[in-house]
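J.: what shape does this take:
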Amino acid sequence: MPSTTFDNLKTDKKNLVTQALLQEFSSYPLAQAQVARIIKTAGISRGAFYKYFTDIEDAYLYLYSTAMGEIHQNIKQNLSTPMVAADYLHYTEAFLDNVANNAYRQLIRLHFMQNEGLLNRVQPPVDVARVKDTPANAWAAMVLTHETLRQILITPELKSSLLAKLTASLQALERIDA
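T.: Below you'll find the predicted structure:
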């Protein structure tokens, strides 16, 4: 994650660097991304880049985390009641709507298509307690939902079919739980 130096940058400069990262990581897979293009676009020195980030992967993880935070920001979830199939579908569609008209869309698509497997670090870290405390059906619904999102972002032409399969799967999980 970025250094405190980056965190303390003036908003304009921080936004300029973030936009340069977005341009690079939306245009090139992580394996082909170049610090040289990022620093040229951002108008910073190579030394400044490495003062802000440990390496290009660190910069990528910062941007991806920022993207996920912004996309999830408007999706409200009531954690006090168990989710039902309709809730998972609602959140899936809300996520897809948030991504559809978002500057991070291509970044996320490239993440799922090429970058995810290249990362040396698991991001975000697994919350062991949450996994242990989550009922099996809820865990299965979360995994199905996230995999459906991943597949839709990779192959948008399958959206209707994948959402239909998700709906049927979630309803089957509800019947098992009943």
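J.: for A141, see how far away A67 is.
T.: 24 Å (C-beta to C-beta, to the nearest Å). Every residue, glycine included, has its C-beta placed from N, CA and C.
J.: what of E174?
T.: According to C-beta to C-beta, E174 and A141 sit 9 Å apart.
J.: please apply the same query to A85.
T.: Distance from A85 to A141, by C-beta to C-beta: 8 Å.
J.: then Y62?
T.: Per C-beta to C-beta, Y62 is found 30 Å from A141.
J.: more neighbours: the two, which one.
T.: A141 (23 against 18; other C-beta atoms under 10 Å).
J.: can you get me a residue count around the nearest residue to the more buried one once chain neighbours are set aside?
T.: Distances taken as C-beta to C-beta, 6 or more residues apart in numbering put Y88 closest to A141, at 5.2 Å, once the chain neighbours are dropped. Look at Y88: counted by other C-beta under 10 Å, it has 22 neighbours.
J.: what sits in contact with each of A85 and A141?
T.: Applying C-beta atoms under 8 Å, 6 or more residues apart in numbering, one finds that A85 and A141 are jointly contacted by 170, 173.
J.: centre-most residue in the chain?
T.: Centre of the chain computed as the mean C-alpha position; nearest residue by C-alpha atoms, centre = their mean is M68, 4.0 Å away.
J.: quick one on the thing from earlier: what's the overlap in contacts for E174 and A141?
T.: Joint contacts of E174 and A141 (C-beta under 8 Å, 6+ apart) are A85.
J.: right, and the residue nearest to A141 touches L170 too?
T.: Yes. Counting by C-beta atoms under 8 Å, Y88 touches L170, with 5.4 Å between them.
J.: hey, what's in contact with both of those two?
T.: Common contacts of Y88 and L170 (C-beta under 8 Å, 6+ apart): 141, 144-145.
J.: pLDDT check: weakest of those?
T.: Least confident entry in the shared contacts of Y88 and L170, by pLDDT: A141, with 88.
J.: give me the three-state assignment for that residue.
T.: What DSSP: H, G, I helix; E, B strand; the rest coil gives for A141 is helix.
J.: kindly state the domain boundaries assigned to this structure.
T.: As given by automatic domain parsing, the domain ranges for the chain are 4-66, 70-177.
J.: tell me who's in contact with Y52.
T.: When contacts are counted by C-beta under 8 Å, 6+ apart, Y52 touches 2-3, 5-6, 9, 17, 59.
J.: find the nearest non-adjacent residue to it, please.
T.: Beyond its immediate neighbours in the sequence, the residue positioned closest to Y52 (C-beta to C-beta, 6+ apart) is F6, lying 3.8 Å away.
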